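Engineer: my questions are about this predicted structure, shown below with the sequence.
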Amino acid sequence: MAKIMAVDIETYSSVDLVASGVRPYSEADDFEILLIAYKVDDEPTQVIDLAGGDKLPGVTEFTALLLDPDVLKTAYNAAFERTCLARWFQSPMPPEQWSCTMAVSYTHLRAHETSAHL
C-alpha cells in the first residue's frame, strides 16, 4: 500500500492572497515558506521551522516524500499547498498525486445533506 503524507504549510508574501489569488501570491519576490508540518501514515508529525532556522538540504525525508509519485499527499485546500510548494521547490506538483481534504469533507457533507432530505 502506498504511503499517505498529510501536509500543512505556513507562508508569507507581501501580495494579498485574497485579492490576488495563490499564483501571484506565491510568485512574489518575497514569498517564503515559514513552516512545514507533515505526517506520514501513523508516524509522528514532523515540523520543519524554516523561519526559526531549520534548513532543507537537497534531499530530506520531506522532499523525498513530496517528490515521490507513489506517495499520496493530502492537505486542506491542496491547491494552495501544491502551488506554493511547486514554486518553493521549483518542481511540478501533479494534481493526481494530491487529495484535498476540504473538497472531500464538502462532498461528504453534501451527500449527507442530500440523503437527509430523501
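Structural biologist: Received it, and whenever you're ready, just let me know what you need.

Engineer: tell me which residues touch the residue nearest in space to the middle of the chain, please.
Structural biologist: Closest to where the C-alpha atoms of the chain average out (CA atoms, centre = their mean) is residue 81, at 3.1 Å. Applying CB atoms under 8 Å, 6 or more residues apart in numbering, we find residue 81 in contact with 7-9, 73, 75, 98. Where you see a C-beta, it was placed from the backbone N, CA and C, and this is true even at glycine.

Engineer: from those, which would you call buried?
Structural biologist: Neighbour-count burial (16 or more other CB atoms under 10 Å) applied to the contacts of residue 81 gives 7-9, 73, 75, 98.

Engineer: what is the nearest of the contacts of residue 81 to residue 51?
Structural biologist: residue 9 (11.4 Å; CB to CB).

Engineer: and stretch 64-71, what's buried?
Structural biologist: For stretch 64-71, by 16+ other CB under 10 Å, it's 65-66, 71.

Engineer: restrict that stretch to CA atoms and write it as CSV.
Structural biologist: C-alpha atoms of stretch 64-71 as CSV (Å, rounded to 0.1, in the frame of the first residue of the first chain):
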residue,chain,number,x,y,z
ALA,A,64,11.9,12.7,-1.0
LEU,A,65,8.3,12.0,0.0
LEU,A,66,7.0,15.2,-1.6
LEU,A,67,8.6,14.3,-5.0
ASP,A,68,7.7,10.6,-4.9
PRO,A,69,4.9,10.0,-7.3
ASP,A,70,3.8,6.9,-5.3
VAL,A,71,3.1,8.9,-2.1
